[in-house]
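# Got a sequence here, can you model it:
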Amino acid sequence: MEAMLMDTQVKEQTNELTDTQKEFAKKLFDAYQTHRPLKEADFSNVVTDEESAYAVQRKFTEMKDEEVGGYKVSLTSKQTQDMFDSDSPLYGAQVKSHFMESGVTLHGSELMEPLAEVEMMFTATEDLSASDSPEELMRKTKVAPAVEAPDSRFEDWFPALSKYMVMSDAAVGGYVVYGQEVKTTDLFDSPEELAHVECELFHDGKKLKDGQSSEVLGNPLESLHWLAEKLESQGTPLRAGQRVSSGTFLLPESLRKGDWKATFNKGFGSVFLHVTE
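Numbers count the residues shown, from 1 in each chain. The predicted model follows:
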């Protein structure tokens, strides 16, 4: 009973918005629908801390009127944290329809200024908890290779957008395209093995760059644990069935038209997507 009361109090505290912040959330939703970008300068000082930024994100997500299918974790390397003047990761809620299976076509009319990132995606098969050990997180999840297409409601956003704007904008969530999902414990024998997955990213058959899972907080399981702990502290725990795009293995590329492929070792397989004008 005490835990339920605490959850309710957390939600009440984090959902309080000023009229200006409510209007900001509405502008984000309008840009989400129309694909007409906003200018950050028009919203300076509307959100000035983490609590208000996540509150705007929740309102923005609520306006989408669609089930939350999971989350994306951003700023999971020292390099990306430095770009956005942050000392920790941040997350964004992702609606269910924006998690898509490998082989999908993304249309330019549905995008604004998208990037391409290569990630490890987890799917919770049970509710996750801040107290879960790395071994328990493995037991409670499936894992899949993924290409995330982060996108923003702001113009000229990468890497210039401020941290609180990124938080408000659902961590610049776009789409997550994922490959075959398997039980994490079927693919890996120990948590340490998840830190040694390597990838290569290709566009129209040309290799652009490679990366490794150790770029994600040293191990993508650390990113998953960070998110479970963060969501639990805000009264919205990570539930069974929700997916988590855990952080990029490499610095992003511009997601231009053509055929994209990400390949992985450790039996992960590949992810394919096509982008049109």
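# Do a quick rundown of the helices in this structure.
Using DSSP state H, the helices of the chain run over 2-14, 19-34, 50-63, 78-83, 134-139, 163-168, 184-187, 220-233.
# Assess the claim that residue 112 and residue 149 are in contact.
No. Applying C-beta atoms under 8 Å as the test, residue 112 and residue 149 come out as separate, 10.5 Å apart. Bear in mind the C-beta positions are built from the backbone N, C-alpha and C, glycine included.
# Who has more neighbours out of the two?
Taking neighbours as other C-beta atoms under 10 Å, residue 112 and residue 149 compare with residue 149 leading, 23 against 18.
# from memory the more buried one sits against residue 175, does it?
Yes. With contact defined as C-beta under 8 Å, residue 149 counts as touching residue 175 (4.5 Å).
# Now for these two: what residues contact both?
In the contact map built from C-beta atoms under 8 Å, 6 or more residues apart in numbering, the residues linked to both residue 149 and residue 175 are 106, 114.
# follow-up on the earlier one: from the helices of the chain, which stretch is densest packed?
When you average the neighbours per residue for each of the helices of the chain (mean count of other C-beta atoms under 10 Å), helix 163-168 leads with a mean of 25.
# for the residue nearest the centre of the chain, which residues make a bridge with it?
By C-alpha atoms, centre = their mean, the chain has its centre lying nearest to residue 72, at 1.5 Å. Bridge pairing for residue 72 (DSSP bridges) gives the partners residue 92, residue 245.
# Tell me the spacing between it and residue 99.
Applying C-beta to C-beta, to the nearest Å, the value for residue 72 to residue 99 is 10 Å.
# Spit out the residues that contact the two alike.
Joint contacts of residue 72 and residue 99 (C-beta under 8 Å, 6+ apart) are residue 176.
# Great, nothing more from me.
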